[in-house]
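> just to be clear, the model below is a prediction. Sequence and coordinates:
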Amino acid sequence: MFKIGVVVRQERTRRGLTQAELAEKLSIPLTHVQRIEQGRSKTVSPNLLRKIALQLSIDGNKLLSLPADSGSQSDPLSPLPSTAKSHLIRFLNEISANLK
């Protein structure tokens, strides 16, 4: 289970942003930010994940609550097909590289 909402809330508050301010920066409705943080948003597009990571300067792995060690027993991406998993990991690595 992903904990994107928990990470978004922690990083948003760490930066002193309100939900409304983050929504404005992301160009999405406030209610969408609220649903993400409350874990009620069933899907978050890769483009929105990228925007969130960039706005909050979050490492892609942290955003998806992935362990830093890729050999970890707990793999929250295991339900995904291997092709989708590899695309998502590559995408998140690109985001992380752009944040440095």
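Yep, that arrived.

> please report how far residue 36 lies from residue 19.
9 Å (Cβ to Cβ, to the nearest Å). For every residue, glycine as well, the C-beta is placed using N, CA and C.

> those two: who's more crowded?
More crowded of residue 36 and residue 19, by other Cβ atoms under 10 Å: residue 36, with 24 against 18.

> helices of the protein, residue ranges please.
Using DSSP state H, the helices of the chain run over residues 4-14, 19-26, 30-38, 46-56, 60-63, 82-99.

> if you average the pLDDT over the fifth one, what comes out?
In this model, helix 60-63 has an average pLDDT of 74.

> so who does the most centrally placed residue in the chain touch?
For the chain, the residue sitting closest to the mean C-alpha position, by Cα atoms, centre = their mean, is residue 63 at 3.6 Å. Contact analysis of residue 63 by Cβ atoms under 8 Å, 6 or more residues apart in numbering lists 4, 7, 8, 49, 52, 53, 92.

> if I look at residue 37, how far off is residue 21?
13 Å.

> the two - which one has more neighbours?
residue 37 (20 against 15).

> what is the distance between the lowest-mean-pLDDT helix or strand in the chain and the centre of its chain?
Each helix and strand of the chain was given a mean pLDDT (mean pLDDT, DSSP states H and E); the minimum falls on helix 60-63 at a mean of 74. On the basis of Cα atoms, centre = their mean, to the nearest Å, helix 60-63 sits 6 Å off its chain's mean C-alpha point.

> any stretches of the protein with poor pLDDT?
Along the chain, segments meeting pLDDT under 70 span 1-2, 65-80, 99-100.

> and residue 40, backbone torsions?
For residue 40, the backbone dihedrals (degrees, to the nearest 10) come out as phi -100, psi -10.

> I'd like the numbering to begin with 28 instead of 1 from here.
In the new numbering, first residue 28, that becomes residue 67.
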